[in-house]
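>>> Take this sequence and fold it.
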Amino acid sequence: MASRSILARRGPAFVAVLVLALAACTSAATPAPGAAVAPTGAPTSTGAAPRSLTIDLGDDVATFDPGLQYNTASYSVYRNIFDQLLGRDANTGQIGPRIATSWKPVSQTEWEFALRKDVKFHNGDPLTAEDVKFSIDRILDPAFKSPQYQNFSTIAEVRIADPATVRIVTKSPYPVLLAQLVNLSIVPVKYTKEKGAAALNTAPIGSGPYRFVEWKKGESVSLAANGSYWRGTPYFDTVKFRAVPERATRVADLRSGTADLAATLTADDVKQLSADPKLRVPTANTEAVAHVYFNVLGKSPAAKREVREAVAAAIDPKKLIDALLGGQAAPVREMLTPVHVGYDANAPTFSYDPQKAKEALARAGLASGTTLTFLTSPSFDQRIVQAIQGQLEAVGITAKIETVDKPTYLKKIQGPEHDWGDIRYGEWSCSCLDADGVIYPLFRTGSIWSSYSNPAFDAAVDGARGTLDESKRQALYGTALRLLHDDIAAYGMWQTRAIYGARATLDWQPTVDEQLFVFDMKNKP
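Have a look, this model is predicted:
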């Protein structure tokens with residue numbers, strides 16, 4: 001499994017990034033619903049019949065602008081349009097070259113990246129160091145309000161040494177820099193400034209393996225192969241990503257042959273699809289943590305610790321895993337998984353205790369039947385949400401489920417007013433395999449994702465992202481995790497398992513960080 005490969009590689013943080021660095025140095029405005037956005041590309045012509053691919057996603061794209069995105073469907077699509085500064089090997093998880101061909105530490109707070117000189121955006125403009133600098137600078141601009149700000153906030157400055165060389169300076173030693181740069185998609189500065197930032201959402205131009213063709217909002221996104229791609233012409237000439245919220249419909253599309261790949265399936269689908277010789281069920285343990293998050297800072301009953309204690313004691317993750325997930329999930333003790341740097345196998349956890357839940361609710365001065373707003377999105381397995389609702393009901397808590405689409409869900413929880421509700425179900429993934437990308441943005445005071453604040457926690461996670469000594473990082477994350485547990489800021493329940501359905505002839509395997517790169521897909525001989 002990819003997750004095991006990554007887990008086996010965990011070692012001293014700075015040594016790890018330095019080894020990778022040295023190895024690399026020696027190697028090479030939204031349209032109206034239903035409206036179609038004007039095509040900007042066309043399928044490549046090879047003389048043979050075009051090879052097409054259809055992928056069913058659980059959600060529609062929210063934005064094609066990499067700096068404004070933080071939902072899975074958008075990520076799955078736009079990563080095929082734009083190139084990334086660094087990448088991960090799909091099999092080993094090792095960080096390797098993409099637009100950056102090599103890199104080296106100049107000091108503990110400065111890294112130098114050499115860029116490819118043969119890359120062009122889809123409109124013919126060359127990709128240079130200016131584009132890399134612009135892509136980072138806009139995320140760091142407070143006025144831009146990027147949901148990804150916390151991932152890059154340690155960067156102090158990006159310097160251009162020459163058109164093919166950039167230097168990234170951090171405020172302090174930052175052991176997660178390379179892992180975060182895997183998530184950096186490079187946008188064209190000239191095009192963005194000439195056309196306006198909205199153009200990246202209505203007619204995105206990247207340098208990746210696929211060109212944007214059309215977006216029928218709420219329905220589908222069509223892409224066409226970039227025949228001039230620097231890594232070679234993609235196998236599939238065209239790809240269509242369809243927004244199919246109903247899981248049963250995604251399964252039906254697979255069985256009828258109208259979809260080649262479907263994402264976000266459940267354990268209930270495995271047996272049915274595995275019995276069909278035309279289909280297969282690729283799966284992978286992921287770095288996503290299924291959790292219940294508490295609104296500690298809002299005007300909510302959950303602001304009382306006793307209420308949070310009651311909710312935590314009422315939930316039985318094992319029963320949920322056994323009854324609903326068919327064992328296709330691994331329990332965790334915290335808001336991290338074993339593939340994350342910083343995971344603590346001895347961290348304190350919560351225990352299922354209905355009587356304790358009732359007693360905590362009474363201490364909170366709340367009567368049986370107290371209502372909590374339970375925020376969720378259809379992109380999550382609603383059977384889980386409803387089962388948690390039932391477990392809460394059994395101890396005297398009425399969970400009123402509020403279901404909104406994924407983009408709205410993410411927008412609601414970003415506000416500084418903390419008025420998104422009382423509790424929410426989520427599955428958080430940073431695609432960086434490090435605690436810094438999970439508990440820092442979710443719980444650090446001032447983060448747009450955080451409805452929690454504790455100065456001691458802030459000091460621990462700040463310290464962990466500011467040292468290259470892994471033993472110190474591990475100790476600091478241990479402190480941070482204990483504080484989250486003691487404050488009952490969230491309940492990390494299990495490491496999710498990504499389940500896909502695919503044509504038996506489609507050659508592709510999912511990864512621990514859930515990348516959906518079409519360039520890596522082809523038909524089996």
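>>> Using the record's assignment, carve the protein into domains.
What automatic domain parsing lists as the domains of the chain is 1-28+83-189, 31-39+51-81+208-282+500-525, 288-495.
>>> Dump those to a markdown table, plus mean neighbour count and mean pLDDT.
(Glycine included, C-beta is placed from N, CA and C.) As requested, the domains of the chain are arranged in a markdown table below (neighbours: other C-beta atoms under 10 Å; pLDDT from 0 to 100):
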| stretch | mean neighbour count | mean pLDDT |
| --- | --- | --- |
| domain 1-28+83-189 | 18 | 83 |
| domain 31-39+51-81+208-282+500-525 | 19 | 92 |
| domain 288-495 | 20 | 95 |
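>>> mind checking which of the ones you listed is nearest A197?
Nearest to A197 among these is domain 31-39+51-81+208-282+500-525 (6.9 Å), distances taken as C-beta to C-beta.
>>> of all the domains of the chain, which lies closest to L200?
Closest among the domains of the chain, using C-beta to C-beta: domain 31-39+51-81+208-282+500-525, at 4.2 Å.
>>> Can you give the distance of the closest one from its chain's centre?
Its chain's C-alpha centre and that of domain 31-39+51-81+208-282+500-525 lie 16 Å apart, by C-alpha atoms, centre = their mean, to the nearest Å.
>>> go on, stretch 121-139?
Stretch 121-139 sits 23 Å away from the centroid of its parent chain (C-alpha atoms, centre = their mean).
>>> Going along the chain, name the strands of the stretch 101-250 of the chain.
Here the stretch 101-250 of the chain has its strands, by DSSP state E, counting those that start in this stretch, at 110-115, 155-162, 165-170, 210-216, 220-225, 238-243.
>>> Adding distance to R482, write these out as CSV.
Listed next are the strands of the stretch 101-250 of the chain as CSV, based on distance: least, C-beta to C-beta, whole Å:
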stretch, distance to R482
strand 110-115, 32
strand 155-162, 29
strand 165-170, 27
strand 210-216, 45
strand 220-225, 44
strand 238-243, 41
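>>> A49 is nearest to which of those strands?
Of the strands of the stretch 101-250 of the chain, nearest to A49 by C-beta to C-beta is strand 238-243, at 11.5 Å.
>>> So what are the sheet partners of the strand ranked longest in the chain and their directions?
Across the chain, the longest stretch assigned as strand under DSSP state E is strand 283-294. Strand 283-294 has the following sheet partners, assigned by DSSP bridges: strand 423-428 (antiparallel), strand 490-499 (antiparallel).
>>> Could you dump those into TSV and include distance to G257?
Shown next, in TSV, are those (distance: least, C-beta to C-beta, whole Å):
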stretch	distance to G257
strand 423-428	29
strand 490-499	20
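>>> Figure out which of those is closest to L181.
Nearest of the strands paired with strand 283-294 (C-beta to C-beta): strand 423-428, 19.8 Å.
>>> List of residues touching the helix or strand just after that closest one?
Downstream of strand 423-428, the first helix or strand assigned by DSSP states H and E is helix 439-443. Helix 439-443 has contacts (C-beta atoms under 8 Å, 6 or more residues apart in numbering) with 150-151, 293, 335-336, 342, 428, 430, 447, 449-450, 452, 454, 457, 461, 465, 477, 480-481, 484, 489-490.
>>> related to what we said a few turns ago, can I get the domains of the chain in a markdown table including distance to A198?
Conversion of these to a markdown table gives the following (distance: least, C-beta to C-beta, whole Å):
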| stretch | distance to A198 |
| --- | --- |
| domain 1-28+83-189 | 13 |
| domain 31-39+51-81+208-282+500-525 | 9 |
| domain 288-495 | 16 |
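>>> N201 is nearest to which of these?
Closest approach to N201 among the domains of the chain is made by domain 31-39+51-81+208-282+500-525 (5.2 Å; C-beta to C-beta).
>>> Nearest to L140, out of the strands paired with strand 283-294?
So among these, strand 423-428 is nearest, using C-beta to C-beta, at 22.1 Å.
>>> Contacts made by the closest one with the rest, please.
For strand 423-428, the surrounding residues in contact (C-beta under 8 Å, 6+ apart) are 288-295, 302, 311, 335, 372-376, 380, 384-385, 388, 399, 409, 413, 438, 442, 496.
>>> so what's T72 up against?
T72 makes contact with L57, G58, D59, S379, K406, S429, E514 under the criterion C-beta under 8 Å, 6+ apart.
>>> Next, work out how far apart the nearest residue in space to P66 that is not next to it in sequence and W420 are.
Counting by C-beta to C-beta, 6 or more residues apart in numbering, P66 lies nearest to S185, which is 3.7 Å off, once chain neighbours are set aside. From S185 across to W420, the span is 27 Å (C-beta to C-beta, to the nearest Å).
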